[in-house]
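Asker: Turn this into a structure:
(chains A and B)
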Amino acid sequence: MRLFLLSLEILAFSAVLVLFLDRFRKLCHFVFVASLVAACSLNFFVSFPFLRGGETSIFRIPWSVPFGEFTIGLDPLSAFFLMTIGCVALASGIYGCGYLQEHHEKKNLGVHYFFYLLLITLLLVVVTARNAVLFLTAWELMTIIGYFLVTFYDEKKSVREAGYLYLIVTHCGTFCLLVMFALMGQAASSMDFDQMALAHYAPGLTGLLFILGLVGFGAKAGFFPIHIWLPHAHPAAPSHVSALFSGFVIKTGIYGLLRLIFIIKDLPAWSGPVVLAIGGVSGVFGVLYALGQHEIKKLLAYHSIENIGIIALGIGIGLLGNASGHESIALIGYAGGLLHVLNHAVFKSLLFLSAGSVIRSTGTGEIDAMGGLLKFLPFTGHLFLIGSLSICGLPLFNGFISEWLVYRALFDGVIHLDKFGIIMAVMAAVSLALIGGLAAICFAKAFSVIFLGQNRSHRQDIYKENPCMMWGPMMFLAAICVWIGLFPKTIVSFAFASAHFLIAAKPVAAQTEFLLQPILSTTKVLYIFLLVLGLLVLCRALLARRYPERRVGTWACGYPSLTTRIQYTASSFAEPVLRLFKWMVCFQVQRSEKSRINLPEELELSSKVVDMPEHFVFRPILAMLRRFSGMLLKLQSGHIPQYLFYMLLGLIALLLWKFPWRA
Amino acid sequence: MIPFISVLSRLAACLLFSPFLLGVIGKTKAFFAGRKGPPLLQPYYDILKLIQKGSVYSVTTTWIFRAAPLIFFATTLIASFLIPFGGLKAPVQFWGDALLFTYLFGLGRFFIILAAMDTGSSFEGMGASREAIFSCLSEIVLFLNFAALAVLSKSFSLSQMIGESWWASWTVSGPSLILVGASYFMILLVENSRIPIDDPATHLELTMIHEVMVLDHSGPDLAFILHGAAIKLFVQGSFFVTLLIPFQSHNRIIDATVFLAAMIGLAVIIGIVESVMARLRLNRIPSFITGAFVLALFGLIIAIMRVL
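Answerer: Below you'll find the model as predicted:
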């Protein structure tokens, strides 16, 4: 506990320090990186004992805020999220130093680093707070500081709008949380989480609390259809901030939901199916919208929604298993969801960081303007490939391990649950299969259009690989992806420790064996696979030595040569899928013809998908709100006589109210 | 020692027997067309000839183009270790190996798609895009089939899902198994790019799916892809055959003979389907897969009704 407080102090202190060190560029970077390394490694150190089955530890200081108390606690659930923050914050922070170097002349980086370190501090407080007032304070501050980080490029209008949208949506969420915690505090007559966990809630109240929590935390996490801020905020922010946001900030929503599940033990029976449904819908819509995007960071942002959906599937089946008394299903489901939190944090920040690296080298985020970058940016390209393979859940990488756990929980549900449970679990498993398949299409598209084939732009100069300050942290994340993918034992047992804590069950050695064994057998098969692959590569090398190879141009089906314009683009690659699901994503193809004299008409073809909840639900509602609030503008005209008139009216009203003749 | 022999004979069956199935399909088609057709061993000759050639690589390609055939081959070979067939127990069996089975194929396919896009040719991009969507759809049906089998067998390990004591199950849950089998057969055609989904022998690149993806592969690389595709047909076919043969004599030789005969029977059936049907239009293929989906769904519903 002391070490954890020390890490908080280091972060807060150096945050203030870098604010004043902006002039001394090197020192500022050094303090920033050193404090991140120190705090994050302290965090790893703090969290491991709890994940190995340590006891919960609590730290309290009185606080002058009403009902508030500075209570911080560490337990396996918090520890799992602390570990996740450590990975993401460290890698994105160091990357940020390299990424922002070109802005040093124009912007005050000290302020940016200040906000970054402060955000990390608050994230740490959010996942450890044990008092509702402290939690909400940290949550709100985190939201606001997040706004300052997102709007780094505040000279652009789109960035300011994205930041504003983010503020609106997350504040609506916070409002729900405020109501939820107030109701809980009233029932428990304390704002302390431990007291709340002991309290008894009326059956109707738990349902209401759960819905409030779903909306409040879901707005942060990006559940469909309240995901609308994500696809705007992520592309607007600098890449390392997008990585932190997608990697961890949205996961605080998941953390909140899990904490709520932990506090309210007897949730209504429909909570599991509802979370499963939300998960399936978020996942499928997230990945379909991602397929329609051809701007790299926007594509990745929609994939965050998809992965939040997968996490929700894990939590949903966990709830369902817990409600029906199948402890092992609950454990596997929760562990799968939790592990996917970590995995998604790692591979998504890896992808965002490599996307940032691509954008920095090419100066654009449009996938269809790229191509063949693997030859120019070897580090970025291969790291992006590892990230893509992980996010598709393919074997050898970490995404497979967590998706495997979620699948297993769902199929165990198919085998053991009652009829309704089977139907829910089958639907969830089918949607997970669809999500996995579509994600593979989407990343086959993204990786191959960006990094393979020929370059589509007309630039003559060669793209340059970015400094090691940028690909170094990416290597770190990629190493975690491969490590978890090949040697998952430690991490999976950590996830099970948190899951045990969540359902308040004591781990039993025999049961842990039963839970872990299949995943270890899976990795054994993968080792054999690697061995066979190695042998094949050897065979192939021998064959290549014997029979010479030639290098020529790609076969153009008899035509003289291929131009880069002939290549399949991202739009054409995704078209069959989008056409198939066009009723779900509002896929539109537009043609326009410009007639030219004596020449064939020039044809233009463009396709796009429309985010339906945003354009058909939220934007109309917001427009309506603005119309109504616009009416209020007449009251605030800016003329001083009018305000004086209001004061006079107010005074008269007061006088009338308190006038003696009433008494 | 016994497991060692079992693994060896399994490998031998996969590596040596699988191209024969392609030969049988070819012969059946030739019979229906009234031709003499290529010899039964033609796929072996093709593979041997290709191995003895040098490869031609496009200057656009990267290492992914070279690695993809090997990864594809290795994944299909490893996937064969997970299913029991012909009286041979699966050397590796654990709770949830069905997922690994599916995802190994996914890994191989992902790299073949990347390799196709690596060439920078629009034909190969076209094939890659189509292969991606159709295999994604067929994967869903496969999972639905797994769900039905899991409900029936109360297990999530392929060896128990398809291998054991099906004689008893056939009497109880025959209707459900028939539906699942039919749906799986349709998926088998999709996954292995056979008519009515895809025509491996057509002359027009524009209408192809799988073949157009591997246009630029040559020499040993193409041999690996051809042989890998044959193994894939063998592995997925043996899933089908093991599912449908409700019979185990526990005599190795009888079991193996029955299994191989059934595999050849499957190849003949595929050949007949290819001969009597025309290839579907590309935009009709999703409806075909939806048909398989509906069959699997009914199979699952009946399974749930029977078991609970």
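
Asker: Going by proximity to chain A, name the top residue of chain B.
Answerer: Nearest residue of chain B to chain A: residue B:125, at 2.4 Å (CB to the nearest CB). From N, CA and C alone the C-beta is placed, and that goes for glycine too.

Asker: could you pull out the helices for chain B?
Answerer: B:2-12, B:18-33, B:42-51, B:63-79, B:97-118, B:122-153, B:158, B:166-191, B:210-213, B:219-244, B:252-276, B:285-307 (DSSP state H).

Asker: Apologies, that question was intended for the stretch 151-300 of chain A.
Answerer: Using DSSP state H, counting those that start in this stretch, the helices found in the stretch 151-300 of chain A span residues A:157-188, A:193-198, A:203-221, A:230-236, A:239-244, A:251-263, A:271-291, A:296-323.

Asker: got the buried residues for the helix or strand where residue A:133 lies?
Answerer: In this structure, residue A:133 sits in helix A:132-150 according to DSSP states H and E. Neighbour-count burial for helix A:132-150 flags A:132-143, A:145-150 (criterion: 16 or more other CB atoms under 10 Å in any protein chain shown).

Asker: do stretch A:350-364 as well
Answerer: Using 16+ other CB under 10 Å as the test for burial, stretch A:350-364 gives A:350-362.

Asker: Is it possible to get these out as CSV so that each row also shows distance to chain B and pLDDT?
Answerer: Converted to CSV, the buried residues of stretch A:350-364 look like this (distance: CB to the nearest CB, whole Å; pLDDT from 0 to 100):
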residue, distance to chain B, pLDDT
A:350, 17, 95
A:351, 16, 95
A:352, 21, 94
A:353, 21, 94
A:354, 16, 93
A:355, 18, 93
A:356, 22, 92
A:357, 18, 92
A:358, 16, 92
A:359, 21, 91
A:360, 22, 88
A:361, 17, 88
A:362, 17, 88
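
Asker: Adding mean pLDDT, write the helices of chain B out as TSV.
Answerer: Shown next, in TSV, are those (pLDDT from 0 to 100):
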stretch	mean pLDDT
helix B:2-12	83
helix B:18-33	93
helix B:42-51	93
helix B:63-79	94
helix B:97-118	93
helix B:122-153	90
helix B:158	85
helix B:166-191	83
helix B:210-213	84
helix B:219-244	92
helix B:252-276	91
helix B:285-307	91
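
Asker: can you dump the C-alpha coordinates of stretch A:451-466 into PDB?
Answerer: What follows is stretch A:451-466 as a C-alpha-only set of coordinates in PDB (Å, rounded to 0.1, in the frame of the first residue of the first chain):
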ATOM      1  CA  PHE A 451       1.600  -2.000 -45.800                       C
ATOM      2  CA  LEU A 452       1.400  -4.400 -48.800                       C
ATOM      3  CA  GLY A 453       1.200  -3.900 -52.600                       C
ATOM      4  CA  GLN A 454       2.500  -0.800 -54.200                       C
ATOM      5  CA  ASN A 455       2.400   2.700 -52.900                       C
ATOM      6  CA  ARG A 456      -0.700   4.600 -54.100                       C
ATOM      7  CA  SER A 457       0.500   8.200 -53.500                       C
ATOM      8  CA  HIS A 458       2.400  10.200 -56.100                       C
ATOM      9  CA  ARG A 459       5.100  11.200 -53.600                       C
ATOM     10  CA  GLN A 460       8.600  10.800 -55.000                       C
ATOM     11  CA  ASP A 461      10.500  11.000 -51.700                       C
ATOM     12  CA  ILE A 462      11.000   7.900 -49.600                       C
ATOM     13  CA  TYR A 463       9.200   7.600 -46.300                       C
ATOM     14  CA  LYS A 464      11.400   7.500 -43.200                       C
ATOM     15  CA  GLU A 465      11.100   5.200 -40.300                       C
ATOM     16  CA  ASN A 466      10.500   7.000 -37.000                       C
END
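
Asker: Check whether it comes into contact with chain B.
Answerer: Yes. Stretch A:451-466 is in contact with chain B by CB under 8 Å from any CB of the partner chain, via A:452-454.

Asker: Please list all residues in contact with the closest residue to residue A:119 other than its chain neighbours.
Answerer: Distances taken as CB to CB, 6 or more residues apart in numbering or on different chains place residue A:145 nearest to residue A:119, at 4.9 Å, with adjacent residues excluded. Contact analysis of residue A:145 by CB atoms under 8 Å, 6 or more residues apart in numbering or on different chains lists A:115, A:118-119, A:122.

Asker: returning to what we had before: mind giving me TSV with the buried residues of stretch A:350-364 and columns for secondary structure?
Answerer: Listed next are these as TSV, based on DSSP: H, G, I helix; E, B strand; the rest coil:
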residue	secondary structure
A:350	helix
A:351	helix
A:352	helix
A:353	helix
A:354	helix
A:355	helix
A:356	helix
A:357	helix
A:358	helix
A:359	helix
A:360	helix
A:361	helix
A:362	helix
